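Colleague: What follows is a predicted protein model with its sequence.
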Amino acid sequence: MTTSSKTATLSFDGKTIELPMFTPTAGPDVIDIRKLYGQAGVFTYDPGFTSTASCDSTITYIDGDEGILLHRGYPIDQLASKSHFLEVCYLLLYGELPSSAELEDFETRVTRHTMIHEQMHNFFRGFRRDAHPMATMVGVVGAMSAFYHDSLDVNDPWQREVASIRLIAKMPTIAAMAYKYSIGQPFVYPRNDLDYAANFLHMCFSVPAETYHVNPIVSRAMDRILTLHADHEQNASTSTVRLASSSGANPFACIAAGIACLWGPAHGGANQACLEMLREIGSVDRIPEFIERAKDKNDPFRLMGFGHRVYKNTDPRAKVLKQSADEVLELLGVHDNPLLQVAKELEHVALNDPYFIEKKLFPNVDFYSGIILEAMGFPTSMFTPIFALSRTVGWVSQWKEMIGDPQMKIGRPRQLYMGETTRDYVDIENR
Ligand code: CMC
């Protein structure tokens with residue numbers, strides 16, 4: 001990280017402070033305020049980190065105005081059409097596209113770690129059957145730290161590598177088991193002759209009583225969904241993983257924290273919320289009513305799957321998924337799906353409405369993913385777990401980058417205190 005020749009000047013109370021600046025390889029310049037409190041005795045105020053870079057990173061870049069998403073410099077649309085999920089995992093983790101031999105070795109390492117400790121099956125059985133699969137995943141992933149003691153030492157690069165592979169390899173197994181448990185079917189062991197996406201479908205949809213053949217169209221669409229969700233720079237769940245790990249917590253605990261954060265409807269939970277909203281709208285003639293509700297400041301309703309903190313243009317992942325939704329539904333013979341019709345009309349109406357135009361609210365990745373997942377046969381409760389399993393590689397890559405960063409410090413924000421100042425305790429009888 002090199003300092004730019006530019007500096008920023010801050011003047012207040014008759015003082016003038018010169019602040020160093022960084023020039024990134026892409027994106028806006030960054031003012032370095034690390035020494036501000038020491039030099040000037042003031043904090044900056046930025047709830048929600050709308051203007052704050054919390055770290056430097058070389059993994060993912062987003063240009064929200066142009067609708068660009070790059071992983072290690074490669075555009076997401078190229079990765080979605082030409083690459084596949086495990087190759088993108090390698091790229092995110094190690095920084096470069098793999099050679100054939102490197103990819104084969106990586107795929108073998110991931111495949112060999114897909115089973116979970118047999119005793120963990122009992123752990124699943126402690127949950128109520130009606131538990132949301134995300135609740136089960138938070139618990140089970142956190143519990144991995146109780147089962148894999150040989151990959152908890154974050155200061156050992158080898159243990160970090162083993163933990164990374166375990167998390168990427170086991171997350172589909174855990175998500176599929178959470179699903180099977182919720183519907184009362186037996187757990188299905190992973191099959192190492194299948195690729196990552198096909199194996200996940202097998203673990204979700206096969207039953208011991210009959211042979212399940214993975215449809216290659218469905219498995220390709222699944223792989224594309226995983227690829228499109230793999231990383232998204234310093235979003236809420238990734239920042240949660242980084243903050244949790246800044247204390248030195250073990251990787252399984254940190255990723256469990258990321259899963260918990262992802263669950264919220266403003267983040268990964270939006271895919272479930274979006275499909276439920278489309279169902280509630282039900283038919284195109286009810287769209288105007290819901291558009292009006294979304295615009296009403298006195299109504300908490302928002303159009304789920306619309307808007308983004310960073311994208312003020314079309315989310316490039318939504319572009320790919322929209323096309324994918326058309327293809328998959330056509331191929332699966334459900335192209336007249338009423339939800340898709342509602343989604344398309346809703347998108348059209350919102351994109352031409354002054355409120356959404358003015359606020360630059362475009363469909364995001366969650367707008368179309370739910371429709372594809374539903375067509376594949378997943379219940380809405382599985383949408384966010386699928387997001388979590390795809391995002392695991394992003395969390396792990398960002399976690400590894402952070403642990404290896406010499407600038408790393410425990411995350412400890414300050415505050416703008418607006419409470420009472422010192423006052424004397426009053427005995428209960430005198431209050
Ligand atoms: N429907 C109606 N109005 C909206 C919406 C929406 N979906 N999103 C933002 N707005 C309005 C909001 O009311 C505000 O208006 P005003 O300036 O008059 O107060 C303005 O647009 C800016 O919104 P904000 O909440 O200040 O923006 P933010 O950057 O804090 O929030 C967001 C971003 C994604 C949380 C928000 O757009 C939202 O709640 N969207 C719906 C949930 C959703 O689809 N989330 C998935 C995000 S993409 C996948 C992921 O990263 O997990």
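Modeller: Looks like it came in fine.

Colleague: When you work out contacts or count neighbours from here on, use the C-alpha atoms and nothing else.
Modeller: Fine.

Colleague: Point out the residues in the stretch 151-300 of the chain that sit beside the ligand.
Modeller: Contact residues, the stretch 151-300 of the chain versus the ligand (CA under 6 Å from any ligand atom): 266-268, 270, 294-295.

Colleague: So what's the residue count around the nearest residue to residue 150 once chain neighbours are set aside?
Modeller: Distance criterion CA to CA, 6 or more residues apart in numbering; nearest residue to residue 150, sequence neighbours excluded, is residue 159 at 6.8 Å. Applying other CA atoms under 10 Å, we find 17 residues neighbouring residue 159.

Colleague: Longest strand in the protein, by number of residues?
Modeller: The longest strand of the chain (DSSP state E) is strand 3-12.

Colleague: what's the helix or strand for the closest residue to residue 325 other than its chain neighbours?
Modeller: If the residues on either side of it in the chain are set aside, residue 325 comes closest to residue 372, at 5.5 Å by CA to CA, 6+ apart. Taking DSSP states H and E as the definition, residue 372 sits inside helix 366-376.

Colleague: before we move on, back to that, using the three-state scheme, assign the residue nearest to residue 150.
Modeller: Classification of residue 159 by DSSP: H, G, I helix; E, B strand; the rest coil places it in helix.

Colleague: Could you do residue 234 as well?
Modeller: Of the three states, residue 234 takes coil under three-state DSSP.

Colleague: Just give me the neighbour total for the closest residue to it other than its chain neighbours.
Modeller: Counting by CA to CA, 6+ apart, residue 234 lies nearest to residue 54, which is 8.0 Å off, once chain neighbours are set aside. Applying other CA under 10 Å, we find 12 residues neighbouring residue 54.

Colleague: gap between residue 54 and residue 71?
Modeller: Residue 54 sits 19 Å away from residue 71, taking CA to CA, to the nearest Å as the criterion.

Colleague: try residue 14
Modeller: Distance of residue 14 to residue 71, computed by CA to CA: 45 Å.

Colleague: Run the chain-centre distance for the helix holding residue 372.
Modeller: How far helix 366-376 lies from its chain's middle: 16 Å, per CA atoms, centre = their mean, to the nearest Å.

Colleague: does the ligand sit close to the helix or strand of the chain with the lowest mean pLDDT?
Modeller: Scoring the helices and strands of the chain by mean pLDDT, DSSP states H and E places helix 316-331 at the bottom, with a mean of 87. No: using CA under 6 Å from any ligand atom, helix 316-331 stays clear of the ligand, coming no nearer than 9.5 Å.

Colleague: Tell me which stretches of the stretch 301-431 of the chain form helices.
Modeller: 316-331, 338-351, 354-358, 366-376, 383-403 (DSSP state H, counting those that start in this stretch).

Colleague: a markdown table please, covering those and showing mean neighbour count.
Modeller: Output for the helices of the stretch 301-431 of the chain, formatted as a markdown table (neighbours: other CA atoms under 10 Å):
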| stretch | mean neighbour count |
| --- | --- |
| helix 316-331 | 19 |
| helix 338-351 | 18 |
| helix 354-358 | 13 |
| helix 366-376 | 24 |
| helix 383-403 | 25 |
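
Colleague: can you tell which of these is closest to residue 262?
Modeller: Comparing the helices of the stretch 301-431 of the chain against residue 262 with CA to CA, the closest turns out to be helix 383-403 (7.2 Å).

Colleague: Correct me if wrong: residue 95 contacts residue 74.
Modeller: No: counting by CA atoms under 8 Å, residue 95 does not reach residue 74; the two are 10.7 Å apart.

Colleague: number of nearby residues for the closest residue to the ligand within the stretch 1-150 of the chain?
Modeller: Going by CA to the nearest ligand atom, the ligand is nearest to residue 48 of the stretch 1-150 of the chain, at 7.5 Å. By other CA under 10 Å, the residues close to residue 48 number 9.

Colleague: What of residue 298?
Modeller: 8.

Colleague: Now it. Its backbone dihedrals?
Modeller: Main-chain torsions, residue 298, degrees, to the nearest 10: phi -90, psi 0.

Colleague: ok, it to the ligand distance?
Modeller: Using CA to the nearest ligand atom, to the nearest Å, residue 298 is found at 10 Å from the ligand.

Colleague: Check residue 211 too.
Modeller: With CA to the nearest ligand atom as the criterion, residue 211 and the ligand are 35 Å apart.

Colleague: ends of stretch 46-61, how far apart?
Modeller: First residue to last in stretch 46-61 (CA to CA) measures 21 Å.

Colleague: mind listing the strands for the stretch 1-150 of the chain?
Modeller: Applying DSSP state E, counting those that start in this stretch to the stretch 1-150 of the chain gives strands spanning 3-12, 15-22, 30-31, 60-63, 68-71, 74-75.
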